[in-house]
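Participant: no FASTA, just this:
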């Protein structure tokens with residue numbers, strides 16, 4: 001396997017999202033998107049005991065034209081949406097939503113969040129949807145930790161958990177509207193792994209913490225996103241300390257992207273239509289009870 005070289009490192013600066021501090025390595029002032037990946041937020045928040053869990057987190061809001069995906073590393077997330085989905089997923093699982101033509105959802109801490117440590121650590125990823133699927137019916141795929149298939153490196157020191165696509169011969173259970181591989185890599189110190197990647201895929205690796213020695217590049221610390229060049233057929237690294245990482249690869253869509261808040265479309269007219277449809281209630285209604 002010829003390892004891809006590192007194109008650039010993007011640091012996850014802290015930004016304020018409606019009062020919640022999150023780390024954002026993508027987008028940056030220099031990089032608008034890494035097609036088909038539009039946004040990555042890493043939140044590690046102590047849920048306040050002064051607020052009821054069903055009033056904390058992120059309240060009802062709309063989406064259209066992309067897939068908002070939440071990977072849960074600590075705590076739990078209670079998802080509800082305007083199509084009647086109501087699901088609680090805990091650490092090790094994920095909530096994958098194809099927003100399609102429009103949906104309203106909320107993501108709150110689970111009602112037992114304080115009994116399980118009170119901390120919520122998640123990554124939210126926005127994956128663009130191809131133009132010919134942007135107006136599909138919305139779909140929601142909850143995946144508990146127990147439902148995530150996994151494999152290990154030869155020395156058993158790296159656990160690979162596959163959510164979507166095909167990684168190391170393991171097929172993820174979540175069907176994505178575009179070609180996307182998504183897996184977490186959990187390294188013990190000294191653990192080594194090589195992961196083949198489709199040559200036509202854009203590929204990124206985000207380190208939640210720890211340190212990796214990336215083949216052909218050198219040390220990368222936690223809270224950095226590694227953007228890999230399209231010049232090899234895999235990613236290889238050795239952990240310099242215990243490290244958690246999210247590995248993503250996807251076929252670039254190479255389409256015009258016009259976004260406004262929670263809507264990601266291909267032109268300005270479609271954005272205006274999305275705003276109109278949301279105001280007219282065409283994305284449904286979510287009343288949290």
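Facilitator: Great, that's in hand. Just so it is clear, the model here is predicted, and its values are computed rather than measured. Numbering: from 1, shown residues only.
Participant: who touches the residue nearest in space to the middle of the chain in this structure?
Facilitator: Closest residue to the average C-alpha location of the chain: residue 125 at 2.9 Å, with Cα atoms, centre = their mean. Applying Cβ atoms under 8 Å, 6 or more residues apart in numbering to residue 125 gives the contacts 37, 39-41, 68-71, 182, 246, 248. C-beta here means a position set from N, CA and C on the backbone, and glycine is covered the same way.
Participant: Mind doing that once more with 10 Å?
Facilitator: 26, 37-42, 66-71, 94, 96, 180, 182, 204, 206, 246, 248 (Cβ atoms under 10 Å, 6 or more residues apart in numbering).
Participant: same thing with residue 69?
Facilitator: Counting by Cβ under 10 Å, 6+ apart, residue 69 has contacts 40, 94-98, 123-127, 141, 163-164, 174, 176, 180, 182, 248.
Participant: With residue 58 instead?
Facilitator: Residue 58 touches 17-18, 20, 43, 70, 77, 105-108, 124, counting by Cβ under 10 Å, 6+ apart.
Participant: now it: how far from residue 43?
Facilitator: Using Cβ to Cβ, to the nearest Å, residue 58 is found at 10 Å from residue 43.
Participant: Between these two, which contacts overlap?
Facilitator: Common neighbours of residue 58 and residue 43 (Cβ under 10 Å, 6+ apart) are 17, 20, 70, 124.
Participant: Specify which member of the residues you listed is nearest to residue 145.
Facilitator: The nearest member of those to residue 145, counting by Cβ to Cβ, is residue 70 at 13.4 Å.
Participant: Look up the closest residue to the closest one, ignoring the ones flanking it.
Facilitator: residue 95 (4.6 Å; Cβ to Cβ, 6 or more residues apart in numbering).
Participant: name the element that neighbour belongs to?
Facilitator: Here residue 95 is covered by strand 94-98, with elements defined by DSSP states H and E.
Participant: Packing partners of that strand?
Facilitator: strand 66-74, strand 76-81, strand 86-90, strand 103-109, strand 119-128, strand 139-143, strand 158-164, strand 180-187 (3 or more Cβ pairs under 10 Å, 6 or more residues apart in numbering; DSSP states H and E).
Participant: Just checking: what are the partner strands of it?
Facilitator: Paired strands of strand 94-98, with direction, are strand 66-74 (antiparallel), strand 139-143 (antiparallel) (DSSP bridges).
Participant: per-residue confidence for the closest residue to residue 251 other than its chain neighbours?
Facilitator: Excluding the flanking residues, the one nearest residue 251 by Cβ to Cβ, 6+ apart is residue 179, at 4.1 Å. pLDDT for residue 179: 90.
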